[in-house]
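*Asks:* Quick one, fold the following:
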Amino acid sequence: MKKTYSALTLANLELDRQLLETLFELEIIQSQSELGRMCGKTDSYYTCMRYKGFGLKIGSLTFLISRLNKKMATETDVFRSINYRMAIEHIGRTIDEKCRLRELELITA
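*Replies:* Below you'll find the predicted structure:
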């Protein structure tokens, strides 16, 4: 049986897909499993949350930002440091948009 999701859920899941793609492009992660670990969760975190239609949780994304900030602080390669900064900024925008979607969800409920 195929699951059906609301427009807000689909938008949330699309944010996650875009974030995953960006993290791959910036070479922050090499797999979905690594994303789960970097968020402080299990290897299957991204896949499970996506399947359930929940999307990545804001707390997990905040944890990811904290980890990347620590890595950036000790990074000696300038280009790698820039990639960390770009990833952190993208994650921040993703969190902002997830909050906006949640507000819309509460208004329409």
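*Asks:* Go ahead and measure how far the one helix or strand Cys99 maps to is from the middle of the chain.
*Replies:* Using DSSP states H and E, Cys99 sits in helix 78-108. On the basis of C-alpha atoms, centre = their mean, to the nearest Å, helix 78-108 sits 8 Å off its chain's mean C-alpha point.
*Asks:* buried set for it?
*Replies:* In terms of neighbour count (16 or more other C-beta atoms under 10 Å), helix 78-108 has its buried residues at Asn83, Tyr84, Ala87, Ile88, His90, Ile91, Thr94, Ile95, Glu97, Lys98, Leu101. All C-beta spots, glycine's among them, are computed from the backbone N, C-alpha and C.
*Asks:* Dump these to JSON lines, plus pLDDT.
*Replies:* Shown next, in JSON lines, are the buried residues of helix 78-108 (pLDDT from 0 to 100):
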{"residue": "Asn83", "pLDDT": "98"}
{"residue": "Tyr84", "pLDDT": "98"}
{"residue": "Ala87", "pLDDT": "98"}
{"residue": "Ile88", "pLDDT": "98"}
{"residue": "His90", "pLDDT": "98"}
{"residue": "Ile91", "pLDDT": "98"}
{"residue": "Thr94", "pLDDT": "98"}
{"residue": "Ile95", "pLDDT": "98"}
{"residue": "Glu97", "pLDDT": "97"}
{"residue": "Lys98", "pLDDT": "96"}
{"residue": "Leu101", "pLDDT": "94"}
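*Asks:* Which strands or helices does the lowest-mean-pLDDT helix or strand in the chain pack on?
*Replies:* Counting by mean pLDDT, DSSP states H and E, the chain has its least confident helix or strand at helix 45-52, which shows a mean of 90. For helix 45-52, the elements it packs on are helix 7-25, helix 32-38, judged by 3 or more C-beta pairs under 8 Å, 6 or more residues apart in numbering; DSSP states H and E.
*Asks:* List the buried residues of that helix.
*Replies:* Result for helix 45-52 [16+ other C-beta under 10 Å]: buried residues Tyr45, Tyr46, Met49, Arg50.
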